[in-house]
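> here is the input, now give the coordinates:
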Amino acid sequence: MANMRLDKNPMPEQDPVVRAGNFDEVALGYSAEAAIDEAKRCLNCKNPQCRTGCPVSVRIPEFIAKVAEGDFEAAYEIVTSTNSLPAVCGRVCPQEKQCESKCIRGIKGESVGIGRLERFVADWHMAHAEGKDEVTVPASNGHRIAVVGSGPAGLTCAGDLRKMGYDVTVFEAFHKAGGVLVYGIPQFRLPKEIVAAEIENLKKLGVKVVTNAIVGKSMTVDELFEDGYEAVFIGSGAGLPQFLHIPGENLLGVYSANELLTRVNLMKAYRDDYDTPIKHFHRVAVVGAGNVAMDAARVAKRLGAEHVFIAYRRGRDELPARKEEVEHAEAEGIEFKLLNNPTRILAGDDGHVTGIELLRQELGEPDEKGRRSPVPVPGSEWVLDVDTVIIAIGTSPNPLIRNTTGGLTFTRKGGIEADEGGKTAREGVFAGGDAVTGSATVILAMGAGKAGAKSIDEYIQNKQ
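Next up, the predicted model:
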């Protein structure tokens, strides 16, 4: 019989006061008892809609049914039949806007905690299956595929292609595989050992990973084809930070969120072989309000900043970050300065940041869709005293591929033009994830990687 409680089983978490001073994971995960209880909230709908909201088509009702039975390994096998990175997805995907938004239980209460259950089965497998895995390595079909980038799009594409029998090599520019999963998302939200374990699972399948290989510099796409690769998937992400283009952005004490998060992730996760200096912050303004902005603000707090502010030109209802991330940030003492638009950054005689000027906004009249855009309040400028400003307003694709690869076409924002299956204007070249769309979510990048793998398989089979 279904468990008809209206709310999800709560996720155990570190105390906010304690966690604001460490980089350990905030969410601690379900116990087996809580997972079974949560799984029993699923109604086993005759026409389930939850799977339609998943970009990688996880067989959600089937795996949840196995969790309810206590057969966690079977649940894991079901999840991984379509999702190569379940421990990652269970932690960072916006399930509330994807699968859980379609859950019938959400009509009169909270949806089933699909993401929390996915994380549970992945973590349970990692904890109990070590040394017991008997991985069936797919036989090679004799075709070689190159994947550029080891972020969520590239890893998903590589995993799916390898399961089809392709010999796949992933080329990663940095010295650790994982892309944004390693360099962009903080340890307290996505532990790097989790990412490493997921990548190791792909390697066990036979996926080859080459690090310190910058496609466009170490080698070109043309050279990959010359080396015998029959198709190339570009999943190189969007690592080029965007800025506000306001006075003062070149002052000492102004950072992009990309730089901060990369430095901290390298220092905290890989201190054994990498060290990078990070200045001590006291009062920090983070401009932006997406997940990256929340990450940057919470990292600054953990680095010892006494006050961390989020400056955002829209109101609370328009915050683009996940509700969970906003709540975590507030609980950790992050202060929100909403309806305030930065106009310039100020400095002292030494050229170092002393403040950020903000212009107050008010919400205008609703448009035909009910949306209310911010409108400046003339003469309402004021200065927030800070010694550090972190810009977190988005990223765009690095131009390296664009500048070294002929035959491709690009969007106005620098993304590679590709159809829904990842097919580009150049034969044999496919692309997906942030390299196409600009900065988006992990799960959408994974969906693009999955679509790219399918298109590549069709392309190779049709050539024969």
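> hey, which helix is longest across this protein?
helix 442-463 (DSSP state H).
> mind listing what A300 touches?
L260, F281, V284, V286, V308, T388, I390 (C-beta atoms under 8 Å, 6 or more residues apart in numbering). Placement of C-beta: from N, CA and C, glycine included.
> now the two most distant members of the residues you listed.
Spatially, the most separated pair among the contacts of A300 is L260 and V308, at 11.9 Å (C-beta to C-beta).
> so which of these two has more stuff around it?
V308 (28 against 25; other C-beta atoms under 10 Å).
> and that one, how far from A331?
Distance, V308 to A331, using C-beta to C-beta, to the nearest Å: 13 Å.
> now do P376
In terms of C-beta to C-beta, P376 sits 31 Å off from A331.
> over to I234?
For I234, the distance to A331 - C-beta to C-beta - is 39 Å.
> so those two - more neighbours on which side?
More crowded of I234 and A331, by other C-beta under 10 Å: I234, with 31 against 15.
> ok, now which ones touch the residue nearest to S373 when sequence neighbours are not counted?
Using C-beta to C-beta, 6 or more residues apart in numbering and skipping residues adjacent in sequence, the residue nearest S373 is G364, 5.3 Å away. G364 sits next to R372, S373, P374, V375 when contact means C-beta under 8 Å, 6+ apart.
> in this structure Y30 contacts E38, no?
Yes: using C-beta atoms under 8 Å, Y30 is in contact with E38, at 6.7 Å.
> who touches both of these two?
Shared contacts of Y30 and E38, counting by C-beta under 8 Å, 6+ apart, come down to N9, G113, R116, L117.
> next, give me the two most distant ones among those.
Farthest pair in these, by C-beta to C-beta: N9 and L117, 9.6 Å.
> so these two - more neighbours on which side?
L117 (30 against 22).
> three-state assignment of that one?
Look at L117: counting by DSSP: H, G, I helix; E, B strand; the rest coil, its state is helix.
> let me know whether it touches E38 as I believe.
Yes: using C-beta under 8 Å, L117 makes contact with E38 at a distance of 6.1 Å.
> which residues do those two both contact?
Joint contacts of L117 and E38 (C-beta under 8 Å, 6+ apart) are Y30, V67.
> next up, the contacts around E458.
Counted by C-beta under 8 Å, 6+ apart, E458 has contacts G421.
> can you offset everything so residue one is 418?
Sure, I'll start counting at 418 from here, so that last one is E875.
> from L578, how far off is it?
Distance from E875 to L578, by C-beta to C-beta: 12 Å.
> can you check M863 too?
14 Å.
> these two - which one has more neighbours?
Between M863 and L578, M863 has the larger neighbour count (other C-beta under 10 Å), namely 31 against 27.
> now do the SS call for A482.
Under three-state DSSP, A482 comes out as helix.
> quick one: it and A456 touch, right?
Yes: the criterion here is C-beta under 8 Å, and A482 meets it with A456 at 7.5 Å.
> the more surrounded of these two?
Under the criterion of other C-beta under 10 Å, the comparison of A482 against A456 puts A456 first, with 27 against 18.
> the more buried one and E535 touch, don't they?
No: if you go by C-beta under 8 Å, A456 and E535 don't touch, sitting 11.1 Å apart.
> ok so, going back, who touches both of N426 and L534?
Y447, A452, E455.
> and the first one, how close does it get to D454?
Okay, so that is Y447. 9 Å.
> with neighbour numbers in mind, choose between these two.
Y447 (25 against 17).
> name the element that one belongs to?
Using DSSP states H and E, Y447 sits in no helix or strand.
> once you drop chain neighbours, what's closest to it?
Closest to Y447 by C-beta to C-beta, 6+ apart is F537, at 4.7 Å.
> so what are the domain limits for this protein?
Domain ranges of the chain: 433-545, 561-655+812-880, 660-808, per automatic domain parsing.
> how far does the helix or strand of the chain with the lowest mean pLDDT sit from its chain's centre?
Least confident element among the helices and strands of the chain, by mean pLDDT, DSSP states H and E: helix 674-686 (a mean of 82). Relative to its chain's centre, helix 674-686 lies at 15 Å (C-alpha atoms, centre = their mean, to the nearest Å).
> and the helices in the stretch 668-817 of the chain, which stretches?
Assigned by DSSP state H, counting those that start in this stretch, the stretch 668-817 of the chain shows helices spanning 674-686, 708-719, 740-748, 817-821.
> quick check: which of the ones you listed is nearest to A848?
A848 sits nearest to helix 817-821 of all the helices of the stretch 668-817 of the chain, at 8.7 Å, using C-beta to C-beta.
> what's the helix or strand just after that closest one in contact with?
Per DSSP H and E, the first helix or strand lying C-terminal to helix 817-821 is strand 846-848. Residues outside strand 846-848 that contact it (C-beta under 8 Å, 6+ apart) are 638, 648-652, 822, 824-825, 833, 835, 838-841, 869, 872-873, 876.
> the same query, at a cut-off of 6 Å, please.
With contacts defined as C-beta atoms under 6 Å, 6 or more residues apart in numbering, strand 846-848 is touched by V649, F650, I651, I833, A835, G839, K840, T841, G869, S872, I873.
> between those, which sits nearest A491?
Using C-beta to C-beta, the contacts of strand 846-848 come closest to A491 at G869, 28.9 Å.
> where does the stretch 768-881 of the chain have low pLDDT?
881 (pLDDT under 70).
> do the stretch 618-767 of the chain as well
If you take pLDDT under 70 as the line, the stretch 618-767 of the chain has these spans: 685-694.
> if you set the cut-off to 90 instead, what comes out?
Low-confidence segments of the stretch 618-767 of the chain (pLDDT under 90): 656, 680-698, 734.
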